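In: I would like to see how this sequence folds:
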Amino acid sequence: MIAGHRKFALAVLLIGVAVSAQLAAGERKQKTTIPQMDEQKRAVHALNRLAFGPRPGDVDRVLAIGVDKWIEQQLHPDKIDNSALDARLAPLRTLRMDTQQLVDNFPSPQVIKAVAEGMRSLPSDPTTKAIYLARLDRYEEKLKSKQETEGAADSGIKSAGVEKVSDSGEELAPTSDQIRELLAMPPDERYKQMLSMSTEERRVVTNSLKGKREQALEGMSPQQRETLIALNNPQQVVNDELVEGKVLSATYSERQLQEVMTDFWFNHFNVFVGKGADHYFLTSYERDVIRPHAMGKFEDLLRATAESPAMLFYLDNWLSVGPNSDAANGIHAKDWKRRAKANGPVNQAKGKRGGLNENYGRELMELHTLGVNGGYTQKVVTEVARVFTGWTLKQPGQGGAFKFDERMHEPGDKIVLGHRIKPNGQKEGFEVLHLLAHDPSTAKFISTKLAMRFVSDDPPSSLVGRMALTFLSKDGDIREVLRTLFNSPEFWAADAYRAKLKTPLEFTVSALRASGAEVGDALPIVRQLQNMGMPLYGMQPPTGYSMKAETWVNSSALLARMNFALALASGKLKGTRFDSDLSGGGRASSAGVAGDPQEILATLENSLLAGDVSRQTHDTIAARLDDSRISQRKLDDPARAPNIGLIEGLLLGSPDFQRR
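Out: Just a heads-up that it's a prediction; the model follows:
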């Protein structure tokens, strides 16, 4: 069905490319008098900008409360009941663990190596111990294989690949009947059976279950599911639950502005999940560093990120050593070498401690505070890097926390932006952070980025100026800066309505919300985001993902969006239940329109887009409603119901829905 409509989908997408190209080419010019939106559009606009889009019935609810009052509620998320989301997140146990608990329960390679070398003991809990033993078996297998390969290389012998066999000489691969028997077992019995297997047996069975993972885990408790996944890959449990939590929170949280701001600040203070220990640090980074400060004082947020193990590891500041420090001069060298050995390989481009690392100093000013044109020089970057020497970590591979190490810290005065920073240990860093947080360039840079997120790709300078003034006069209070933005005529300008192109995350979550979809397993949605070019926590450069339309406007990316919309609306997106019954979710009753595709289209246009559908999109879809693939009608069966899901999918994938 979806493939049959590829040409039609492409036709709709071409409209989107044309419209989005106009958005990317330039924004509207300032006018002396800015025409404003009516109240209905204000409600839709608020839900599209302060939230990840409206759910069925949300527009009416916001109108009943009053748009301004709803915004004020969103500015104080702690007063909004979010227990329904908490219940959805409850099965994802790792989201409530600190970093040390994550590493202890789902051991990293460094932890397993430490156990294998007798530097760390096995856990006493039987379930956790089973995970360790499985990983130890794998570690010893790899070590033995490496030794054999090196031995073969030394003797000039190459080993031929052979099938894995058991000690008795029989192949370990299970038969299809054995797999069926395993899947047919009650969940508890199936869990015990898989837990009792040897590491090699479990690996072979897991490979045989490809495509049937959910069936194998069906009916098990969250902890049982986590354990079985962890037996093969402990890190996967942490990563999977992190991305699942992101999708569920954005989709179902009642504290929508907090979710939008958490996403905004994570992107601003970007950390890449694929960098070693950050697999474990990111859960706490988003939960304990970004989210609580999302609408607080900017300096508090800046300081929290500076001390975060996730940021210190990502930008390598934990390796930075002052050239004239005690550590660099060999003082207590024996202890230093012992610590370096315990933390693994240590060369700077390869993890070496020793030498000044300027990564954090540069990104702190270029991306976090002043902006690329903020008036600093390379000399200032070096001075800031000297200030932050000694801001390090205790055994990051084993979940270690932040530590200030005086021996690594560069002694002496530092000059930062004309200010003399006197020797004061860790407090030198606090002084620089305070200086940067209160700089006018920072106020302008942060205000510009916020205006880009909420108003336009090229925001009006007058608005940015007023926001920056609030930033400076209110001690960097993010909530007050947002209030200035949301009270501005520029935010409510009539031509700002649906004028921002959604990022893949914004599009995907808004489609889930608009359609009232029920997400049972968020991982297939996460994979869809990868297809659209926006893997969650997957931006490797510290710049974060772009908010500008030009980044996301191309035929391939928009086709991926259309395919997602059609899969969602046709019920073919795994892990997500979609109900196309027009009588549900606050939509208009389907009674009397079940056999009329044109009336169904009108109903869905009101439901999904508040009736704001361009004539071109409406006509493109309407002209094809007599197509038997959409109407599902036969010439001799005029009463057969239209394909509501397909019509809905085409609307969700349309250029009109791509904009917020």
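
In: any chance you could map the strands in the stretch 551-660 of the chain?
Out: Using DSSP state E, counting those that start in this stretch, the strands found in the stretch 551-660 of the chain span residues 576-577.

In: my bad, the chain
Out: Using DSSP state E, the strands found in the chain span residues 347-348, 351-352, 391-393, 402-404, 414-416, 419-421, 518-519, 576-577.

In: among those, which is nearest residue 457?
Out: Nearest to residue 457 among these is strand 518-519; the distance by CB to CB comes to 29.9 Å. C-beta here means a position set from N, CA and C on the backbone, and glycine is covered the same way.

In: give me the sheet partners of the closest one and which way each runs.
Out: strand 576-577 (antiparallel) (DSSP bridges).

In: show residues contacting the partner strand.
Out: 512, 517-521, 524-525, 568, 571 (CB atoms under 8 Å, 6 or more residues apart in numbering).

In: before we move on, the earlier item: can you list the strands of the chain in CSV and add mean pLDDT, distance to residue 103 and mean neighbour count?
Out: Listed next are the strands of the chain as CSV, based on pLDDT from 0 to 100; distance: least, CB to CB, whole Å; neighbours: other CB atoms under 10 Å:
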stretch, mean pLDDT, distance to residue 103, mean neighbour count
strand 347-348, 36, 24, 14
strand 351-352, 43, 18, 14
strand 391-393, 97, 13, 23
strand 402-404, 96, 15, 16
strand 414-416, 97, 35, 18
strand 419-421, 97, 35, 13
strand 518-519, 96, 29, 16
strand 576-577, 92, 32, 15
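
In: looking at the chain, which helix or strand is least sure?
Out: strand 347-348 (a mean of 36; mean pLDDT, DSSP states H and E).

In: which residues touch stretch 563-570?
Out: By CB under 8 Å, 6+ apart, stretch 563-570 touches 1-2, 5, 9, 508, 511-512, 515, 517, 528, 531-532, 572-573, 576, 578, 580, 645-646, 648-650, 652-653, 657.

In: just those: which are in helices?
Out: Cross-referencing those against helices under DSSP state H gives 9, 508, 511-512, 515, 528, 531, 645-646, 648-650, 652, 657.

In: most surrounded residue in those residues?
Out: For the ones in helices among the contacts of stretch 563-570, counting by other CB atoms under 10 Å, the largest number of neighbours falls to residue 649: 29 neighbours.

In: all helices of the stretch 101-250 of the chain, in order?
Out: 109-116, 126-155, 176-184, 187-195, 199-208, 213-217, 222-232, 234-252 (DSSP state H, counting those that start in this stretch).

In: tell me how far the fifth one is from the chain's mean position?
Out: Here helix 199-208 shows a centroid-to-chain-centroid distance of 31 Å under the convention CA atoms, centre = their mean, to the nearest Å.

In: could you give the mean pLDDT of it?
Out: Averaging pLDDT along helix 199-208 yields 79.

In: how about that helix: buried residues?
Out: Neighbour-count burial for helix 199-208 flags 199, 202-206, 208 (criterion: 16 or more other CB atoms under 10 Å).

In: pLDDT score for the nearest residue to residue 218 once chain neighbours are set aside?
Out: Counting by CB to CB, 6 or more residues apart in numbering, residue 218 lies nearest to residue 187, which is 6.9 Å off, once chain neighbours are set aside. As predicted, residue 187 sits at a pLDDT of 93.
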